[in-house]
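Engineer: I'll drop the sequence and a predicted model, then ask my questions.
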Amino acid sequence: MRKIIYALMGFLLLDIYTAAHATPQVFDTVIRGSREWRQVALLSGVSYNQLADIFDTNTGEVLASPTLPVGHPDLLDYYTGYRWATTNDVIELLNSYGNGLEKLALCDGCSVGEVRTDPTGGLASSTDEVQYAYVNGAIQLVLNDFRYTRSFPVYAKWLPSSCGPVPCPIYFELAGLTRDTFSRANIAGNIVSAPGTVILTDRNRWSYPYSSVSAGFGGYGFTQTTSLGAWVYRDINTVPEPAPLALLGLGLLGLVVMRKKTSFQ
């Protein structure tokens with residue numbers, strides 16, 4: 001009996017050690033609270049219009065007769081039962097990471113909200129609904145769960161020319177489409193519509209002085225045919241599972257009871 005108990009305790013200690021020293025893995029789903037999110041990168045290369053052929057833009061649910069984009073024949077195997085998220089759904093997800101991300105919000109009538117690290121060290125807000133906060137660590141927490149969706153030389157985003165003799169810094173991004181659309185006036189005063197997006201940029205992987213998270217209006221360069229990732233989730237049952245230590249305790253208690261019964265017979 002004593003050998004059995006020692007063996008069980010040894011297995012428990014080995015399990016704890018292995019878990020503590022295991023390399024973190026990024027899986028195809030991320031669970032936060034009562035929602036299970038699909039990796040945004042799994043739908044990279046799909047546009048807003050293509051997503052609207054798969055998901056209902058009002059409810060977010062998969063359509064009864066969806067049209068699948070070329071190259072994604074098994075897409076329904078992964079997304080049946082999931083919903084295409086709204087911008088506020090994703091904002092709620094990011095708020096749960098705290099450390100500055102709880103400040104991310106869309107005010108009434110706003111087309112975009114942003115939280116980013118202020119390189120001057122202060123906390124301020126500008127006229128275009130941008131809030132500054134210390135979010136480098138929070139973005140790293142999110143990117144421990146979600147994979148990057150794209151990377152490219154920073155200056156290539158705006159300029160076709162190279163960076164000269166020095167290689168361009170690499171721009172790493174987690175970017176996904178939401179099922180919303182937003183409108184905003186451009187410099188000329190014309191109203192421009194764009195699909196909803198939530199985009200995180202990683203300060204630790206490129207040369208700019210701040211990390212940032214933006215939600216809402218995707219930008220003047222985004223259209224309904226722009227390919228990006230997608231924010232998709234489903235609600236799940238969050239009844240907690242018994243802890244391994246509790247299971248071990250119950251197992252040991254059962255062995256003790258069986259031993260006593262045997263000794264009485």
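Structural biologist: Structure's in. What do you need?

Engineer: ok, and the closest non-adjacent residue to A175?
Structural biologist: Distances taken as CB to CB, 6 or more residues apart in numbering place I199 nearest to A175, at 4.3 Å, with adjacent residues excluded. C-beta coordinates here come from the backbone N, C-alpha and C atoms, glycine included.

Engineer: Show me what that neighbour is bridged to.
Structural biologist: Note on I199: beta-bridge partners A175, S214, judged by DSSP bridges.

Engineer: quick one: the strands in this protein?
Structural biologist: Chain-ordered strands for the chain, with DSSP state E as the definition, fall at 29-32, 35-38, 46-47, 83-84, 112-116, 130-132, 150-153, 170-185, 191-201, 212-217, 227-230, 232-235.

Engineer: Mind checking the ones you listed for the one nearest to E61?
Structural biologist: Minimum separation from E61 across the strands of the chain (CB to CB) falls at strand 83-84, 5.8 Å.

Engineer: hmm, back to that, compile the strands of the chain into a markdown table and extend it with columns for distance to E102.
Structural biologist: As requested, the strands of the chain are exported to a markdown table (distance: least, CB to CB, whole Å):
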| stretch | distance to E102 |
| --- | --- |
| strand 29-32 | 13 |
| strand 35-38 | 17 |
| strand 46-47 | 30 |
| strand 83-84 | 23 |
| strand 112-116 | 9 |
| strand 130-132 | 11 |
| strand 150-153 | 26 |
| strand 170-185 | 18 |
| strand 191-201 | 15 |
| strand 212-217 | 11 |
| strand 227-230 | 23 |
| strand 232-235 | 19 |
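
Engineer: Could you tell me the least trusted of the ones you listed?
Structural biologist: Least confidently modelled of these is strand 130-132, at a mean of 47 by mean pLDDT.

Engineer: I'd say D235 and S34 touch.
Structural biologist: Yes. Taking contacts as CB atoms under 8 Å, D235 lies within contact range of S34: 5.9 Å.

Engineer: And the residue nearest to A175, how far from V70?
Structural biologist: Distance from I199 to V70, counting by CB to CB, to the nearest Å: 25 Å.

Engineer: Ok, D53 next?
Structural biologist: D53 is 12 Å from V70, by CB to CB.

Engineer: just A52 next, same as before
Structural biologist: Distance from A52 to V70, by CB to CB: 16 Å.

Engineer: on that earlier part again, give me the more crowded residue out of I199 and V70.
Structural biologist: The residue with more neighbours, out of I199 and V70 and counting by other CB atoms under 10 Å, is I199; that gives 21 against 6.

Engineer: who touches L228 in this structure?
Structural biologist: L228 sits next to S44, V46, S47, T149, A175, G176, L177, T197, F222 when contact means CB atoms under 8 Å, 6 or more residues apart in numbering.

Engineer: Show me the two of these that sit farthest apart.
Structural biologist: S44 and F222, at 14.8 Å, using CB to CB across the contacts of L228.

Engineer: So which of the two has more stuff around it?
Structural biologist: F222 (22 against 17).

Engineer: isn't the more buried one right next to P195, touching?
Structural biologist: Yes. Counting by CB under 8 Å, F222 touches P195, with 6.0 Å between them.
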